[in-house]
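Novice: Need the 3D shape of this:
(one chain, ligands or ions: 1)
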Amino acid sequence: MKKGVIIQASARSNGNTSKIVNAIKSKTQFDVIDLSQKEINHFDYEFKNKNDDFNLLFKNIAKKYDIILFATPIYWYTMSGMLKVFLDRISDFLFHEKEFGRLLRGKQMGIVSCGSDATVFEGFEMPFVQSANYLGMDYLGHLHTWIENDDIPGNVNSLIDEYVTNKILIKG
Ligand SMILES: Cc1cc2nc3c(=O)[nH]c(=O)nc-3n(C[C@H](O)[C@H](O)[C@H](O)COP(=O)(O)O)c2cc1C
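Specialist: Okay, here's the model as predicted:
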């Protein structure tokens with residue numbers, strides 16, 4: 001079985017997105033990286049932030065895993081700022097140490113969102129589809145989830161099972 005990691009990009013470590021992340025982890029045994037516990041600064045063209053946590057973290061991810069699942073809450077109809085900064089910083093490896101950027105080619109990328117309800121607007125998925133394409137990654141698809149009364153509702157549990165079975169375990 002391929003090795004996978006869930007990159008949790010919520011503003012809180014134990015919030016709604018983490019409930020979904022834990023459910024996926026229990027079904028896949030994937031590792032979890034909580035970006036809120038890392039110091040990852042904005043991309044800049046002078047690479048002033050090259051000594052924060054991103055460089056080492058990205059290299060480890062690129063070397064170790066075949067499947068990368070990004071788990072983000074929906075904030076203002078899109079991914080969290082934390083995840084956007086993480087994606088921006090991948091650009092570091094398109095300018096410098098390109099061999100690590102190239103390691104992403106052929107790996108699989110999936111996206112898990114957690115919003116306030118079942119509604120997810122058109123356009124949410126586009127940056128992930130196009131980024132996977134640009135990076136030469138195989139896009140696994142989008143799982144949209146939500147939490148009700150602090151718990152994962154039954155229909156969301158079914159969606160998680162379906163995604164894990166059809167997108168991760170079969171393809172992975
Ligand atoms: C800044 C902010 C913006 C939000 N914008 C949206 C939104 O556009 N659509 C939506 O469905 N939920 C929105 N929500 C609700 C969150 O997506 C939802 O509560 C989610 O489960 C939170 O996950 P978390 O606990 O991991 O942060 C927003 C919440 C916050 C804090």
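
Novice: what's the spacing between the spatially most central residue of the chain and Tyr45?
Specialist: A centroid search over the chain (C-alpha atoms, centre = their mean) returns Phe70, at 0.9 Å, as the residue closest to the centre. When C-beta to C-beta, to the nearest Å is the yardstick, Phe70 and Tyr45 sit 24 Å from each other. For the C-beta atoms, the positions are set from N, CA and C on the backbone; glycine is no exception.

Novice: Ok, Tyr65 next?
Specialist: Between Tyr65 and Tyr45 the computed distance is 28 Å (C-beta to C-beta).

Novice: Over to the residue nearest to the centre of the chain. Which of the three states is it?
Specialist: Assigned with DSSP: H, G, I helix; E, B strand; the rest coil, Phe70 falls in the strand class.

Novice: Next up, the contacts around it.
Specialist: Residues touching Phe70, when contacts are defined by C-beta atoms under 8 Å, 6 or more residues apart in numbering, comprise Ile7, Ala9, Met79, Leu83, Met109, Gly110, Ile111, Val112, Phe128.

Novice: So His142 sits against Ile111, correct?
Specialist: Yes - counting by C-beta atoms under 8 Å, a contact exists between His142 and Ile111, whose distance comes to 4.9 Å.

Novice: which neighbours do these two share?
Specialist: Residues within reach of His142 and of Ile111 at once, by C-beta under 8 Å, 6+ apart, are Glu125, Phe128.

Novice: Settle it for me: which of these two has more neighbours?
Specialist: Neighbour count, other C-beta atoms under 10 Å: between His142 and Ile111, Ile111 has more, with 24 against 16.
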